[in-house]
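> need a structure here:
(one chain, ligands or ions: 1)
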Amino acid sequence: MSSEKELTFSEVSEHTSKKDVYIVVHDKVYDASSFVDEHPGGEEVLLDVGGQDATEAFEDVGHSDEAREILDGLLIGKLKREDGAPASSSAKPTSTSTKGPDTAGLGVGLYALVLVGALLAFGAYRYLLANNESK
Ligand code: HEM
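Residues are numbered from 1 along each chain as shown. Predicted structure coming up:
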């Protein structure tokens, strides 16, 4: 992991020519130079996103597992986020299909319910105690 090269957006954006094209997918940097000619979707689309974040373009196509394996083979490093760098669009697509937020919401709701229940019980106990003493 630590041996991975870290590249900033400005470094990546320098590689846009056909012989030297980097793309970013899910905050990882890939050197697509050797694959441009072989891409079944054509070289044009790859060069279009050269030097940029191609996460959305790549995911929109619904690439196969095989395509992802090829992508893995092109990995050269990861994206180093700088302050002020454009926020990646890759943050949301990964979470849209997961049920994470729903179940987390339920967990918090459950806690709140238990807490309210405990407070009510404590209140009732205090009330009964006070009533008893006044008799
Ligand atoms: C280095 C990154 C990429 C790799 C390794 C890659 C790989 C592949 C592979 C293996 C296929 C064949 C179908 C499949 O297995 O899913 C494919 C098809 C395709 N790719 Fe990519 N792709 C990359 C990036 C992109 C990008 C950025 C676009 C932008 C729109 C794109 C658009 C397409 C399209 C439209 C097809 C369908 C071609 C057809 O079926 O006629 N690809 N890609």
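
> residue of this protein with the smallest distance to the ligand?
Nearest residue of the chain to the ligand: Gly41, at 2.5 Å (CB to the nearest ligand atom). The C-beta positions use only the backbone N, C-alpha and C, and glycine is treated the same way.

> Now that residue: phi and psi?
Per-residue torsions, Gly41: phi -90, psi 0 (degrees, to the nearest 10).

> got it, and the one 4 residues further on?
Backbone geometry at Val45, expressed as degrees, to the nearest 10, gives phi -60, psi -40.

> Is it correct that it is in contact with Ala57?
Yes. Taking CB atoms under 8 Å as the definition, Val45 is a contact partner of Ala57 at 7.0 Å.

> And these two? Which one has more around it.
Taking other CB atoms under 10 Å, Val45 and Ala57 do not tie; Ala57 has more neighbours (18 against 15).

> Skip the chain neighbours and tell me the closest residue to Glu82.
The shortest distance from Glu82 to any non-neighbouring residue, by CB to CB, 6 or more residues apart in numbering, is to Thr8 (5.5 Å).

> now the one you found: how far from Asp65?
30 Å (CB to CB, to the nearest Å).

> Now Glu6: closest residue in space that isn't a chain neighbour?
Using CB to CB, 6+ apart, the nearest residue to Glu6 is Lys80, at 4.1 Å.

> Measure how buried that neighbour is and give me the count.
15.

> so who does it touch?
Counting by CB atoms under 8 Å, 6 or more residues apart in numbering, Lys80 makes contact with Glu6, Leu7, Thr8.

> what do you get for Leu46?
By CB under 8 Å, 6+ apart, the neighbours of Leu46 are Val21, Ile23, Ala32, Phe35, Val36, His39.

> Cheers, nothing more for now.
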